[in-house]
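K.L.:
This is the structure alone, sequence omitted:
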């Protein structure tokens, strides 16, 4: 499945792999499928989440964010804002900078330049010869507390039980007592349907179950923003649905979610907005229906047509 995704995304960057007839057929199917995906109340929902609205206080602001590894530029002046309770899916071909953007927001990667603001607290990064200079470096810890990250791999401690994996950070990072930490952990595990597995070890769980525990570990920390970096990419196809169901429930309950995913139908269904990245640049930021019906560039069209062709 992962290989199929790479092949499909290779078609995005190499237009010669899709002939004119195939592209036209795929786009026709795309238009029909998009219409079929429409849900009652979509227009109202998307009007409420219009990214151009400034009357909703943003929980996250990203301004002219750039990241380079040596001479290779991964992100190029990315700018967007996000309101509390909003769900945004980051889409684009492999190597477009989606995962790097998430990692820069919580400073697992240090941006080369730009400004990030979370809940009104800001960190600016200025590109200086030889290194980047960070203003308000002390706020990095605060950013990490406010932004919970769910990775592609589960990153569970194999020697800890399910409940131990979730309570660890509550005790040693947030300073909670063991009893309070356990109550918080069980509440989070219940939300993802894993409370009954509290005494099992990761090796005794399926991949989908492990990822749900990883989500519970983030939930228990009560972050303001949840960052999901392709949370289903390491799962067997039959396990993908159980993780997507958890994310959908969180979205319906009002969680603020920034999601990197290749599950396009799911992204279309759960997102208030979708952001398309290409070669590190933000190429389109729109409600799902607008992005699918009116792609802003030929690159967006190629990506969507390749996704539809791969899913057919």
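P.N.:
That came through fine. In this text, all values refer to a predicted model and were calculated from it rather than measured experimentally.
K.L.:
Straight-line length of stretch 227-234, end to end?
P.N.:
One end of stretch 227-234 to the other measures 16 Å (CA to CA, to the nearest Å).
K.L.:
Under the pLDDT cut-off, which ranges of the stretch 201-312 of the chain? List them.
P.N.:
In the predicted model of the stretch 201-312 of the chain, residues 308-312 satisfy pLDDT under 70.
K.L.:
Quick one: the helices in it, in order.
P.N.:
Remark: helices assigned in the stretch 201-312 of the chain by DSSP state H, counting those that start in this stretch are 207-220, 237-252, 264-270, 288-293, 298-311.
K.L.:
Now do the buried residues in the second one.
P.N.:
Read that as helix 237-252. 239-240, 242-244, 246-247, 250-251 (16 or more other CB atoms under 10 Å). C-beta coordinates here come from the backbone N, C-alpha and C atoms, glycine included.
K.L.:
Nearest to residue 223 among those?
P.N.:
Using CB to CB, residue 250 is the member of these that lies nearest residue 223, at 11.4 Å.
K.L.:
ok, now which ones touch the closest one?
P.N.:
191, 215, 219, 226, 257 (CB atoms under 8 Å, 6 or more residues apart in numbering).
K.L.:
Any regions of the stretch 51-200 of the chain where pLDDT drops low?
P.N.:
51-56.
K.L.:
quick revisit: just put the helices of the stretch 201-312 of the chain in JSON lines and tack on distance to residue 95.
P.N.:
Output for the helices of the stretch 201-312 of the chain, formatted as JSON lines (distance: least, CB to CB, whole Å):
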{"stretch": "helix 207-220", "distance to residue 95": "24"}
{"stretch": "helix 237-252", "distance to residue 95": "22"}
{"stretch": "helix 264-270", "distance to residue 95": "18"}
{"stretch": "helix 288-293", "distance to residue 95": "20"}
{"stretch": "helix 298-311", "distance to residue 95": "13"}
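K.L.:
Which stretches in the stretch 1-150 of the chain count as helices?
P.N.:
Using DSSP H, counting those that start in this stretch, the helices of the stretch 1-150 of the chain run over 2-13, 20-37, 42-48, 98-105, 140-146.
K.L.:
ok so, going back, if you compare the helices of the stretch 201-312 of the chain, which one is most tucked away?
P.N.:
Of all these, helix 207-220 carries the top mean neighbour count, a mean of 24, counting by mean count of other CB atoms under 10 Å.
K.L.:
so what's the closest residue to residue 257 other than its chain neighbours up against?
P.N.:
Closest residue to residue 257 apart from its sequence neighbours, by CB to CB, 6 or more residues apart in numbering: residue 87 at 4.6 Å. Listed by CB under 8 Å, 6+ apart, the contact set of residue 87 reads 251, 255-257, 259, 270-273.
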